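Peer 1: I'd like to go over a predicted model; first the sequence, then the structure.
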Amino acid sequence: MHSLVFCPEPGELLEFNQGTLLAALQQIGLISNTPSSASSGCATDFPAGDRFLDLIIFMGCSPAVQLEPGAQGSAHCYISLQQHPSPGQLYAGSQSRPARCGLCKAPIETSRLLGCIEKQRLPTCSQCQAELNWSDVTWNKTIGMARVALVINNIFPHEAVPADELISTIKNGSGINWRYFYI
Ligand SMILES: [Zn+2]
């Protein structure tokens with residue numbers, strides 16, 4: 001299964017009040033009022049709230065959306081607020097296209113970026129040889145990096161589209177601009 005990931009736009013301040021954002025998401029009914037007991041480490045997990053299906057629009061003939069854990073532990077939709085130490089976590093999946101150098105537009109292999117994060121180094125473009133700040137990396141609709149991310153877990157890419165109400169609530173509840181992509 002795949003995920004829909006919201007993260008602050010590159011260059012945005014990250015010092016927003018996460019409690020205010022979570023309260024706003026609870027108020028519109030994206031998430032339930034109580035985190036799930038499975039929350040751990042860098043993530044706080046929430047079951048879907050009572051307006052989840054108004055705020056995430058499921059397109060086409062997608063199968064019934066499962067909002068609660070199944071008997072066999074089958075994948076169900078839930079929402080996570082995740083935090084990571086600097087420089088952040090790379091969010092990429094099996095369908096991700098590579099990010100690009102912001103200077104010369106050459107693709108940068110995802111494995112190369114992962115190695116740089118692990119070694120706490122800045123990436124270097126293999127084409128123009130520039131050492132890039134993380135803000136110089138150009139992400140796309142299938143990949144991104146974040147220190148804070150709101151993740152809708154276990155959906156099909158592009159079949160689950162965030163409603164305008166959700167996009168504006170995330171923006172207004174945090175006071176910063178966000179982007180989203182599918183992994
Ligand atoms: Zn380059």
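Peer 2: Nice, I can see it.
Peer 1: residues from the chain in reach of the ion?
Peer 2: Residues of the chain lying near the ion by CB under 5 Å from the ion: C101, L103, C104, A106, C125, Q127, C128. Every C-beta, even on glycine, is put in place using the N, C-alpha and C of the backbone.
Peer 1: now do 8 Å
Peer 2: Contacts of the chain with the ion, taken as CB under 8 Å from the ion, map to 101-106, 108, 125-130, 132.
Peer 1: Narrow these to those in strands?
Peer 2: Cross-referencing those against strands under DSSP state E gives C101, I108.
Peer 1: Mind picking out the helix or strand in this structure with the poorest mean pLDDT?
Peer 2: Lowest mean confidence among the helices and strands of the chain (mean pLDDT, DSSP states H and E): strand 56-58, at a mean of 90.
Peer 1: tell me which of the residues of the chain next to the ion is nearest to I176?
Peer 2: Relative to I176, the closest of the residues of the chain next to the ion is G102; by CB to CB it sits at 20.4 Å.
Peer 1: burial measure for that closest one, as a count.
Peer 2: Under the neighbour criterion other CB atoms under 10 Å, G102 is assigned a count of 17.
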